[in-house]
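**Student:** no FASTA, just this:
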Ligand SMILES: O=C(CO)[C@H](O)[C@H](O)COP(=O)(O)O
Ligand SMILES: [Fe+2]
């Protein structure tokens, strides 16, 4: 599958979100929205009202990454609001199958996220319930952190699990993805790349997206 680039607005100017999203709307595939509640992670960002507002201004679909304590309660509302993809964390969900099905029933792609130290193997049986597996390559909570190479073998195993079941599940990496690290991620089997600092910290965010895509596709042999 061709690489998909999902710039994270966590590194954008929160006072100018619509303009920041417009900067990458011709070159990116998705817009990654990090929802943090200061409980599941030690940081507070934005919630459903901002996502609803952004939906009216984004030409690209929103990829909502819920880093919240009670995703079972809140995730379906993001899908119903019109998010293209809603990812819940395995460490937080108490009824993941019910919640993933509710996301799909509301018309969004359902994602399951795992933290760097969470093994992927226990979730193999859930692959049929999801459209995307998100593997965190930093500890969740903040943008601009250093990429954790230690997670790459898990990305490789996840790709093998998905291929073994012949499922159309996208494999997303999130955290510290940059021009220096994206090739390693693509070689390991990731096909959806979140990048915050590498895009919004660049002088030309649109060009940064093009560069990331070229590197990912070259590394994946696309
Ligand atoms: O989920 C996240 C942090 O929890 C962010 O999506 C991620 O960190 C992106 O930012 P950067 O590319 O700067 O690391
Ligand atoms: Fe994220």
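**Tutor:** Perfect, thanks for sending it. Just so you know, these numbers come straight off a predicted model, no measurement behind them. Ligands and ions are numbered 1, 2, ... in the order given.

**Student:** got the residues of the chain near ligand 1?
**Tutor:** Residues of the chain lying close to ligand 1 by C-beta under 6 Å from any ligand atom are 8, 10-11, 32, 34, 65, 67, 138, 140-145, 174-177, 194-198. For the C-beta atoms, the positions are set from N, CA and C on the backbone; glycine is no exception.

**Student:** These also near ligand 2: which ones?
**Tutor:** Among these, the residues lying close to ligand 2 (C-beta under 5 Å from the ion) are 34, 65, 174.

**Student:** Pull the number of nearby residues for residue 61.
**Tutor:** As a burial measure, residue 61 scores 17 neighbours (other C-beta atoms under 10 Å).

**Student:** Spell out which parts of the chain neighbour ligand 2.
**Tutor:** Residues of the chain lying close to ligand 2 by C-beta under 5 Å from the ion are 34, 65, 174.

**Student:** and the residues you listed as TSV, adding distance to residue 47, pLDDT and secondary structure?
**Tutor:** Shown next, in TSV, are the residues of the chain next to ligand 2 (distance: C-beta to C-beta, whole Å; pLDDT from 0 to 100; DSSP: H, G, I helix; E, B strand; the rest coil):
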residue	distance to residue 47	pLDDT	secondary structure
34	11	98	strand
65	13	99	strand
174	19	99	strand
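
**Student:** For the protein, which segments count as helices?
**Tutor:** Using DSSP state H, the helices of the chain run over residues 17-24, 48-55, 71-81, 96-105, 152-165, 182-188, 197-200, 205-220.

**Student:** right, so those: which one is the most enclosed?
**Tutor:** Of all the helices of the chain, helix 197-200 carries the top mean neighbour count, a mean of 24, counting by mean count of other C-beta atoms under 10 Å.

**Student:** Quick check: beta-bridge partners of whatever residue of the chain ends up closest to ligand 2?
**Tutor:** Using C-beta to the ion, the single residue of the chain nearest to ligand 2 is residue 65, 3.8 Å away. For residue 65, the beta-bridge partners are residue 34, residue 87 (DSSP bridges).

**Student:** neighbours around it, how many?
**Tutor:** Neighbours of residue 65 under the rule other C-beta under 10 Å: 27.

**Student:** Go ahead and confirm it touches residue 30.
**Tutor:** No - in this structure residue 65 lies outside contact range of residue 30 using C-beta atoms under 8 Å: 10.6 Å.
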